[in-house]
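Q: show me the folded form of this:
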Amino acid sequence: MLDFYTVIIRKSADCWFFLCLENRLVGQGNTPEQSIDKLKQASELFSEIYESQSDVYLSPFSINELHDFLTLEEAEASDTYELRKIYA
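A: Now for the predicted structure:
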């Protein structure tokens with residue numbers, strides 16, 4: 001697995017969502033930091049499963065999926081986005 005992941009963090013009405021471009025993980029937290037902590041936990045679990053099972057598929061997000069994430073709930077969402085390099 002990778003040493004780091006590229007993550008987009010997006011503020012919604014009442015929480016922060018994350019999307020990891022390399023492993024397709026999506027989640028949320030009450031703050032950007034809580035979102036990152038959840039991403040790290042999810043990445044560790046995903047890595048364990050990916051390495052132990054041969055039927056787990058890994059691919060990056062497509063441009064269409066990225067567009068959907070960035071424009072979801074467009075009317076309620078703020079324009080607050082962060083792009084981070086997260087070390088796992």
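Q: pretty sure residue 66 is touching residue 19, no?
A: Yes: Residue 66 lies in contact with residue 19 (Cβ atoms under 8 Å); the separation is 7.5 Å. From N, CA and C alone the C-beta is placed, and that goes for glycine too.
Q: list residues touching both of these two?
A: Shared contacts of residue 66 and residue 19 (Cβ atoms under 8 Å, 6 or more residues apart in numbering): residue 8.
Q: who has more neighbours, those two?
A: residue 19 (21 against 14; other Cβ atoms under 10 Å).
Q: direction included, what does whichever helix or strand the more buried one is part of pair against?
A: Element membership for residue 19, per DSSP states H and E: strand 16-20. Each strand that pairs with strand 16-20, with its direction, by DSSP bridges: strand 4-11 (antiparallel), strand 26-29 (antiparallel).
Q: adding distance to residue 42 and mean pLDDT, write those out as CSV.
A: Output for the strands paired with strand 16-20, formatted as CSV (distance: least, Cβ to Cβ, whole Å; pLDDT from 0 to 100):
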stretch, distance to residue 42, mean pLDDT
strand 4-11, 10, 85
strand 26-29, 6, 90
